[in-house]
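Novice: Need a 3D model of the following:
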Amino acid sequence: MVSLQFGLTAITAVAADVLLTAVLFVGGFLGVLLLGRTVFVPAIERALTARGFDEAVRGLGSRVASAVVWVAAITVAFTLAGYGAFLSAFAVFGSALALAVGFAAQDLLGNFVAGVFILKDKPFQVGDWIQWDGNTGRVEDIDLRVSRIRTFDNEQITVPNGDLANSAVTNPVAYETLRQKFVFGIGYDDDIAAATDIILEEAEAHPDVLEEPEPSVRLVELGGSDVGLQSRWWIDDPDRGDFVRVRSEYVTAVKEAFDEAGIDIPYVHRQLTGSVEVVDVVAEEP
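Specialist: This is a model prediction of the structure:
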């Protein structure tokens with residue numbers, strides 16, 4: 001009888017200990033989780049919103065904060081339940097596993113970090129057209145790992161964010177106005193002053209060319225068969241304006257005016273604004 005009572009007492013003590021451990025574990029876990037979701041995560045979201053970060057960065061910050069809350073809740077729960085030694089061993093194992101994964105996926109992690117900085121620093125945004133490493137296109141999407149660019153040939157390029165973060169990226173539409181350039185080649189026997197007047201008149205006559213800053217013409221080269229006159233003009237709101245159309249219409253108007261004035265064009269130089277690439281088209285000799 002005594003042994004039975006002793007056994008029941010031991011079982012009761014064990015059950016009470018297990019129940020207390022369970023209560024501490026569940027209580028600590030739920031307490032930290034509730035506090036984190038109602039206080040910590042909203043505080044992070046408000047802080048990111050107040051600093052002007054876009055939706056992608058705010059979403060990333062919210063997910064990271066939620067992950068921190070879950071880790072903190074599990075840590076506190078195990079500690080209150082008396083499993084600190086198990087938690088320490090698991091932390092060591094997790095650190096070693098994280099280190100191994102980090103070495104194996106360093107390129108992936110590098111692209112991820114680059115994506116965070118692109119979203120934070122905003123060197124370009126969705127809708128901008130950019131140039132990098134000889135490529136040109138309009139940004140359609142910026143993810144944490146890659147950015148998707150649509151070329152002007154209607155092709156999609158998926159670019160790792162690390163490539164964009166480590167390259168010089170030209171953003172011609174970052175400001176409200178954009179300067180364009182075009183080199184007109186005239187013959188050595190032609191009148192430079194008359195050609196300059198025509199280039200300026202046609203620029204001033206085009207409705208999409210700005211009056212201020214005013215168009216200008218500079219003699220930039222003396223070639224083997226031509227004299228190069230570089231025209232510089234400005235257009236407004238390049239993000240919505242068709243800069244290719246403006247250049248085409250303007251160059252066509254100058255060409256027609258040169259023909260009427262009897263000014264020869266032995267060479268035609270075409271230069272894309274914002275690009276270092278210059279393409280020379282040589283006219284055949286008559």
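Novice: can you give me the helices in the stretch 1-150 of the chain?
Specialist: In chain order, the stretch 1-150 of the chain shows helices spanning 2-35, 41-50, 55-80, 84-104, 106-121, with DSSP state H, counting those that start in this stretch as the criterion.
Novice: weakest of these by average pLDDT?
Specialist: Across these, the stretch with the lowest average pLDDT is helix 84-104; it has a mean of 54.
Novice: what's near enough to touch residue 36?
Specialist: With contacts defined as C-beta atoms under 8 Å, 6 or more residues apart in numbering, the neighbours of residue 36 are 65-66, 68-70, 72-73. Quick note: C-beta positions are derived from backbone N, CA and C, even for glycine.
Novice: okay if I get these as CSV plus neighbour count and distance to residue 254?
Specialist: What follows is the contacts of residue 36, written out as CSV (neighbours: other C-beta atoms under 10 Å; distance: C-beta to C-beta, whole Å):
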residue, neighbour count, distance to residue 254
65, 20, 59
66, 16, 60
68, 14, 62
69, 20, 65
70, 15, 66
72, 16, 68
73, 20, 71
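Novice: Next, format these as TSV and append distance to residue 215.
Specialist: Conversion of the contacts of residue 36 to TSV gives the following (distance: C-beta to C-beta, whole Å):
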residue	distance to residue 215
65	53
66	56
68	57
69	60
70	61
72	63
73	65
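Novice: ok, of those residues, which one's closest to residue 199?
Specialist: Compare each of these with residue 199 using C-beta to C-beta and the shortest gap goes to residue 65, at 58.7 Å.
Novice: how near is the closest one to residue 165?
Specialist: When C-beta to C-beta, to the nearest Å is applied, the distance between residue 65 and residue 165 equals 24 Å.
Novice: repeat for residue 78
Specialist: Noted for residue 78: a distance of 39 Å to residue 165, by C-beta to C-beta.
Novice: Over to residue 134?
Specialist: 17 Å.
Novice: now do residue 220
Specialist: Between residue 220 and residue 165 the distance, using C-beta to C-beta, works out to 34 Å.
Novice: Looking only at neighbour counts, state which of the two leads.
Specialist: Using other C-beta atoms under 10 Å as the criterion, residue 220 and residue 165 rank with residue 165 on top: 19 against 12.
Novice: Let me see the contact set for the residue lying closest to that one once chain neighbours are set aside.
Specialist: Beyond its immediate neighbours in the sequence, the residue positioned closest to residue 165 (C-beta to C-beta, 6 or more residues apart in numbering) is residue 114, lying 3.7 Å away. By C-beta under 8 Å, 6+ apart, the contact set of residue 114 is 160-162, 164-166.
Novice: ditto for residue 26
Specialist: By C-beta under 8 Å, 6+ apart, the contact list for residue 26 reads residue 77.
Novice: measure it to residue 73 for me?
Specialist: Here the distance between residue 26 and residue 73 works out to 11 Å (C-beta to C-beta).
Novice: And the contacts of residue 114, which of them are buried?
Specialist: By neighbour count, with 16 or more other C-beta atoms under 10 Å, the contacts of residue 114 hold 160-162, 164-165 as buried.
Novice: Return the subset of those lying in strands.
Specialist: In strands, defined here by DSSP state E, the members of these are residue 160.
Novice: Good, we can wrap up now.
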